[in-house]
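S.K.: take a look and give me a structure for this.
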Amino acid sequence: MLKRAAAIAGVLVLTISGVATAATHQPGQDRTDRSLIVGGTLAALSEAPWAIALTSTRSSDSSGRWCGGALVRPNKVLTAAHCMTKPIGTYTAVQGRAELLDTRGGRTSGISNVWIHPGYDTKLNRNDFAVLTLSTPITGVPLIALETNPKADRKGAVPTVFGWGDTQNTGPSDTFHKLAVPDLGDATCLGNPEYVGNGYAAANNICAGYLNGGRDACQGDSGGPLVLNGRLLGTVSWGKGCAEKGYPGVYAEIAPAAKALKAQFTQ
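M.R.: Model (predicted):
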């Protein structure tokens, strides 16, 4: 399993949806599956104006694609802790750009500070959150609120994940996509020994996707928003490969960490 940063910023054995055997990929390593959310559809920026693409000069992708994020304050972006493996000066937050290679559109900002959740565990992959402070606030854009009710993570709910990540040729590269991913309930992922071994916990994670495969978040979507009823339910964290049968996506659940995250929004 691998974390779902653009070129995979970190390594898990058989945990990010998309690696059939134990494998190691490092940031900057070239990949051949350079598409987007697998099996999703094109998304309009108006559907998710708070969606952020996090690019990096260390990315091997021509667009600089690295991870996703969500604008929670004009100067704050919530993303995945495992995305933050490079010097702060290599990152740029991009808002309002459907195609990352089209630099004529959208607004950008550098990152002035990074806060990593103190409970982030690189072995068990829990509390996979980072709050980025933007050098230039992005104003006049709707923000997304955090989901604070842990009961929102319930089997049968159908949140939507947004991102610019790999599509495995199911859509155009580096382009804003979305995918509805049914909440399968914690028991589904807890019933998978590989997921339990890589730290899946009901108190910290959301298990969502399709057990028959074919549709999933993927590399480059890490840290991106999982949205339910207009609120940020979770962020893309990890899984085994991408869209593999029997291996749904694992998302970092917002509600248990909401208090700690909100405390950073005013810093």
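S.K.: tell me the contacts of Gly185?
M.R.: Arg154, Lys155, Gly156, Cys207 (C-beta atoms under 8 Å, 6 or more residues apart in numbering). In this view, the C-beta of every residue, glycine as well, is placed from N, C-alpha and C.
S.K.: would you say the third one is within a helix?
M.R.: Which is Gly156. No: judged by DSSP: H, G, I helix; E, B strand; the rest coil, Gly156 forms no part of a helix; its state is coil.
S.K.: give me the number of residues near the nearest residue to it once chain neighbours are set aside?
M.R.: Closest residue to Gly156 apart from its sequence neighbours, by C-beta to C-beta, 6 or more residues apart in numbering: Asp183 at 6.5 Å. Other residues lying near Asp183 total 24 when counted by other C-beta atoms under 10 Å.
S.K.: may I have the beta-bridge partners of Asp183?
M.R.: Going by DSSP bridges, Asp183 is paired in beta bridges with Ala208.
S.K.: helix or strand: which one has Trp115?
M.R.: strand 107-116 (DSSP states H and E).
S.K.: in the protein, which segments are predicted with low confidence?
M.R.: 1-2, 6-36 (pLDDT under 70).
S.K.: run the last query once more with 90
M.R.: 1-37, 105, 169, 171-173, 267 (pLDDT under 90).
S.K.: tell me the spacing between the residue nearest to Gly156 and Gly249.
M.R.: The gap separating Asp183 from Gly249 is 11 Å, by C-beta to C-beta, to the nearest Å.
S.K.: any residues in contact with both of the two?
M.R.: Joint contacts of Asp183 and Gly249 (C-beta under 8 Å, 6+ apart) are Cys207, Ala208.
S.K.: from what I see, Asn75 and Leu132 are in contact.
M.R.: No: at 9.1 Å, Asn75 does not count as touching Leu132 under the criterion of C-beta atoms under 8 Å.
S.K.: of those two, give the one with the bigger neighbour count.
M.R.: Using other C-beta under 10 Å, the more surrounded residue of Asn75 and Leu132 is Leu132, with 28 against 19.
S.K.: quick check: the more buried one touching Ala81?
M.R.: No: the pair Leu132 / Ala81 is not scored as a contact, 10.8 Å apart, by C-beta under 8 Å.
S.K.: picking up where we left off before, hmm, the residue nearest to Gly156 is touching Ala157, no?
M.R.: Yes: look at Asp183 against Ala157 with C-beta under 8 Å: they come within range, at 4.3 Å.
S.K.: export the helix or strand where Trp238 lies as PDB, just CAs?
M.R.: Using DSSP H and E, Trp238 sits within strand 231-239. Extracted in PDB, the C-alpha atoms of strand 231-239 (Å, rounded to 0.1, in the frame of the first residue of the first chain):
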ATOM      1  CA  ARG A 231     -18.700  19.600   4.700                       C
ATOM      2  CA  LEU A 232     -15.200  18.100   4.700                       C
ATOM      3  CA  LEU A 233     -15.700  14.500   5.900                       C
ATOM      4  CA  GLY A 234     -12.200  13.300   5.200                       C
ATOM      5  CA  THR A 235      -9.000  13.700   3.200                       C
ATOM      6  CA  VAL A 236      -7.400  11.200   0.800                       C
ATOM      7  CA  SER A 237      -4.800   9.200   2.700                       C
ATOM      8  CA  TRP A 238      -3.900   5.700   1.500                       C
ATOM      9  CA  GLY A 239      -5.000   2.400   0.000                       C
END
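S.K.: tell me what that strand is packed against?
M.R.: strand 2-3, strand 65-73, strand 76-79, strand 145-146, strand 205-208, strand 225-228, strand 249-253 (3 or more C-beta pairs under 8 Å, 6 or more residues apart in numbering; DSSP states H and E).
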